[in-house]
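Peer 1: return atomic coordinates for the entry below.
(one chain, ligands or ions: 2)
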Amino acid sequence: MNTIKTIGLEHIYPDGTHALSGVDFEANQGEKIAVLGPNGSGKTTLFYHFNGLVKPTAGEIRVFGENITRNNIDDIRKRIGLVFQESDNQLIAPTVFEDIAFGPKNLGLGQEEIRDRVRDVLHRFNIEPLAQKNPANLSTGQKKRVAIAGVVVMEPEVIVLDEPTSGMDARGAADTFEILDELNNDGKTIILSTHDPNLAASWADRLYLLNKGKVFRSGAPKHIFADEKLVADAGMIHPVIMQTFREFRARGISKGEIPLNVLDFLESVDAKIINIRCAIAGCDLSAGDEVCLEMKEGMLVAGRDGEGLRGSVVFDGRKGEDIAVRDVRGDLWQLAGSITIIRVPGIIEGGSRSVETGKVWEILEKNKNCKTGAMGTSAKVLLGKLGIRTDFEFDVAQSGILAALRGFNVSIFASGGMAERVMEKVKERKIRYSVIEL
Ligand SMILES: Nc1ncnc2c1ncn2[C@@H]1O[C@H](COP(=O)(O)OP(=O)(O)OP(=O)(O)O)[C@@H](O)[C@H]1O
Ligand SMILES: [Mg+2]
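Peer 2: Ligands and ions are numbered 1, 2, ... in the order given. The predicted model follows:
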């Protein structure tokens, strides 16, 4: 179902600037859409149309199947939340708490519900210490978080964010994207604009490239980025992972579709043609020695005994030196560690409060040599409360799988629906896994 659809949308500002010229855009329910385009290409203007802040000069905008009118605009603004590019346009109350409470108050919610919702998002966005501060005195990145929290708290069906992570540090940006993923997992449609092609490629289901007020191209990231000329013509740069892939492919090492993330890239490397590997000598070795390759501390180590892949040493090497092993038989993936997914109840299921901490300590003790990560709000809150530091901060599912591929055993604490998402990804990559429900 379309949540937002524009047909031939035109926008001319009073000074005559043609900001949008015949834009056809649509967002289906549950999609993650990124809009990319150079400065002045019309992203902000387009987003203003989504919740009726401006009127089309020509063309049409339909929201949930209807045109925007005076009668439905209030309802539309409840269902479509817009986070402005400039947070200062959005933050108005004297304290952060009151600012975030402003929307829910307008929805006519009861005192208690307002307080609970505000506390929940303060927590989710890790801005509890800012609750009593004046929004005007916050740093740029802090303001952005508060502005996003102020929209999320309204629980709109569609969340539109104009450059949501500009001004945020890397950790803040990663956290924000995880929250957006979690919201999307709950069925929300997410539309955002960004200047970061790396992020757009790995995050979005679909991209729109805007240029001079027109849709230059739209489609799945894989299709858009596969076209080198298109990306150049759109004034964008290629994500680093794709540049690397192209160089590998040109040298006959990689094959297949353009990778959107590190895991796809690893799969593009043709393991069958690489029967020679670099490894660290686990003991003194001589050319021609038959060795066994194993993962140790995340590195490939060649030793005389073991259960891993077998091959023969190309040149002499002392213990600890880099050597080469040829005629490697078997698949590196068989050296992967396993992943334990620990499902933490999501917020609607009672969150971390409903978890028996004794059971968590037991699991942590049993998996104490594992690398650990937490995904989703209640999982992060739970580990935070227990004072556990995690090994992965960014892109936890992918980082966990990568660690497993380097031979580590991994524990991933994941909230509610996020656990299923991790499970799917792990299965896709054929990593051994088990699930524990908390
Ligand atoms: N209020 C306005 N009055 C006149 N022209 C405007 C107004 N707002 C935007 N414009 C013009 O409309 C065009 C599109 O601007 P818009 O802000 O939508 O671009 P954008 O893609 O969001 O850019 P950025 O990446 O810099 O945020 C630009 O040429 C801009 O100068
Ligand atoms: Mg803009």
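
Peer 1: regarding residue 21, what is its secondary structure?
Peer 2: Using DSSP: H, G, I helix; E, B strand; the rest coil, the structure places residue 21 in strand.

Peer 1: what about stretch 184-192, start to end distance?
Peer 2: Taking CA to CA, to the nearest Å, stretch 184-192 runs 12 Å from one end to the other.

Peer 1: is that stretch positioned near ligand 1?
Peer 2: No: legend: contact between stretch 184-192 and ligand 1 by CB under 6 Å from any ligand atom is lacking; minimum distance shown is 12.0 Å. (Glycine included, C-beta is placed from N, CA and C.)

Peer 1: so what touches that stretch?
Peer 2: Contacting residues not belonging to stretch 184-192 are listed as 3-4, 27-35, 47, 50, 156-164, 180, 183, 416-418, 421 [CB atoms under 8 Å, 6 or more residues apart in numbering].

Peer 1: restrict those residues to contacts with ligand 1.
Peer 2: Of the contacts of stretch 184-192, not one also sits near ligand 1 (CB under 6 Å from any ligand atom).

Peer 1: quick one: which of those residues sit in helices?
Peer 2: Using DSSP state H, the subset of the contacts of stretch 184-192 located in helices is 47, 50, 180, 183, 416, 417, 418, 421.

Peer 1: now do the strands in the stretch 101-250 of the chain.
Peer 2: Applying DSSP state E, counting those that start in this stretch to the stretch 101-250 of the chain gives strands spanning 158-162, 189-194, 206-211, 214-219.

Peer 1: which neighbours in the sheet does the second one have, and how are they oriented?
Peer 2: Each strand that pairs with strand 189-194, with its direction, by DSSP bridges: strand 32-36 (parallel), strand 158-162 (parallel).

Peer 1: quick revisit: ok, so of the ones in helices among the contacts of stretch 184-192, who is nearest ligand 2?
Peer 2: Nearest to ligand 2 among those: residue 47, at 7.8 Å, using CB to the ion.

Peer 1: over in the chain, which residue gets nearest ligand 2? Let me know.
Peer 2: residue 44 (3.2 Å).

Peer 1: tell me the phi and psi of that residue?
Peer 2: phi -60, psi -40 (degrees, to the nearest 10).

Peer 1: which residues of the stretch 1-150 of the chain lie near ligand 1?
Peer 2: Contact residues, the stretch 1-150 of the chain versus ligand 1 (CB under 6 Å from any ligand atom): 13, 15, 17, 19, 37, 39-45, 85.

Peer 1: in strands, which of these fall?
Peer 2: Among those, DSSP state E puts residue 19 in strands.

Peer 1: for the residues of the stretch 1-150 of the chain next to ligand 1, which two are the farthest from each other?
Peer 2: Spatially, the most separated pair among those is 15 and 37, at 20.6 Å (CB to CB).

Peer 1: more neighbours: which of the two?
Peer 2: residue 37 (24 against 5; other CB atoms under 10 Å).
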